[in-house]
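> Pasting a predicted model and its sequence here:
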Amino acid sequence: MNISAHNNLSGTITAIKLGEVAAEISLELAPGSTITATITRSSAERLGLKVGQRASAVIKASDVMIGVDE
C-alpha cells in the first residue's frame, strides 16, 4: 500500500463492533498498545475486515492535541 500519509501504524485487528451505520475497529499495534477507529459499516464490509487480520491505521489530521490532568 503506497499512500501520502506518513502516520501509518501497522497492527492486528482485535475487535470489530458493527453498528447500523458505523463500525468500531480496534487494532493492536504492540502488546498493550491499541488504537481504535470508527469507520462506516459499509467501508468495514467492503474491506472484508476480520479479527486477526493485519491492517494499518492511517492518521491524516491537521491537529493533534495533548492533555494532562492538573
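Alright, I've got the coordinates.
> Name the residues of the longest strand seen in the chain that are buried.
The strand spanning the most residues in the chain, taking DSSP state E as the definition, is strand 7-18. By neighbour count with 16 or more other C-beta atoms under 10 Å, strand 7-18 contains the buried residues 11, 13. Every C-beta, even on glycine, is put in place using the N, C-alpha and C of the backbone.
> For the protein, which segments count as helices?
Ranges of helices within the chain are 41-47, based on DSSP state H.
> Any idea which helix or strand in it has the lowest mean pLDDT?
strand 54-59 (a mean of 91; mean pLDDT, DSSP states H and E).
> could you say what helices and strands that strand packs with?
strand 7-18, strand 22-30 (3 or more C-beta pairs under 8 Å, 6 or more residues apart in numbering; DSSP states H and E).
> Redo the ones you listed as a markdown table? Include mean pLDDT.
Below are these laid out as a markdown table (pLDDT from 0 to 100):
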| stretch | mean pLDDT |
| --- | --- |
| strand 7-18 | 94 |
| strand 22-30 | 96 |
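> can you redo these as CSV with distance to Asp63?
Shown next, in CSV, are the helices and strands packed on strand 54-59 (distance: least, C-beta to C-beta, whole Å):
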stretch, distance to Asp63
strand 7-18, 13
strand 22-30, 21
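> Figure out which of the ones you listed is closest to Val58.
The closest of the helices and strands packed on strand 54-59 to Val58 is strand 7-18. By C-beta to C-beta, the value is 5.3 Å.
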